[in-house]
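Enquirer: Next one to model:
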Amino acid sequence: MRLLFNLIKAALSRSKTQVIILMTMLLQAAKFVGAGLSTMGLAGAGVGIGMVFASLVLGISRNPSMKDEMFRMAILGFALTEAIALFALMIVFLILFAV
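Expert: Got it, this is the predicted structure:
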């Protein structure tokens, strides 16, 4: 809030062109910060995929006869977790290039 107040105060003493440039720079900085924060979803998806396959290895070591069924479930879990990562990546690209 204080940053916005200081920006408005500085804008009153500058020309219209300088104010437009300042606002454009502020918008660009906000886009980069938002895109950087959105990439945290990719890290979460990486952890989720690791947990899916760690559970698969643990399950197969406990019950090798269920290997095929557990592998199918692990692939389904991988696909759903990867879909979340793709959604996060899509949001990053939307923030950077569409807004």
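
Enquirer: Confirm for me that M70 is in contact with I60.
Expert: Yes: the pair formed by M70 and I60 meets the contact definition of CB atoms under 8 Å, at 6.0 Å. Placement of C-beta: from N, CA and C, glycine included.

Enquirer: If you count surrounding residues, which of those two has more?
Expert: Here M70 and I60 are compared on neighbour count by other CB atoms under 10 Å; more neighbours surround M70, at 19 against 16.

Enquirer: for the record, mean pLDDT for the helix or strand where E69 lies?
Expert: With elements delineated by DSSP states H and E, E69 resides in helix 67-97, which encompasses its position. In this model, helix 67-97 has a mean pLDDT of 92.

Enquirer: buried ones in that helix?
Expert: Judged by neighbour count (16 or more other CB atoms under 10 Å), helix 67-97 contains these buried residues: M70, A74, G77, T81, A85, A88, V92, I95.

Enquirer: just how off-centre is that helix within its chain?
Expert: Averaging C-alpha coordinates over helix 67-97 and over its chain gives two centres that are 13 Å apart (CA atoms, centre = their mean, to the nearest Å).

Enquirer: Does anything pack onto that helix? Which helices or strands?
Expert: Contact partners of helix 67-97 among helices and strands, from 3 or more CB pairs under 8 Å, 6 or more residues apart in numbering; DSSP states H and E: helix 16-38, helix 40-62.

Enquirer: quick one, the last one and helix 67-97 angle?
Expert: It stands for helix 40-62. For the pair helix 40-62 and helix 67-97, the angle between their directions (axes from the mean of the first three to the mean of the last three CA atoms, to 10 degrees) equals 170 degrees.
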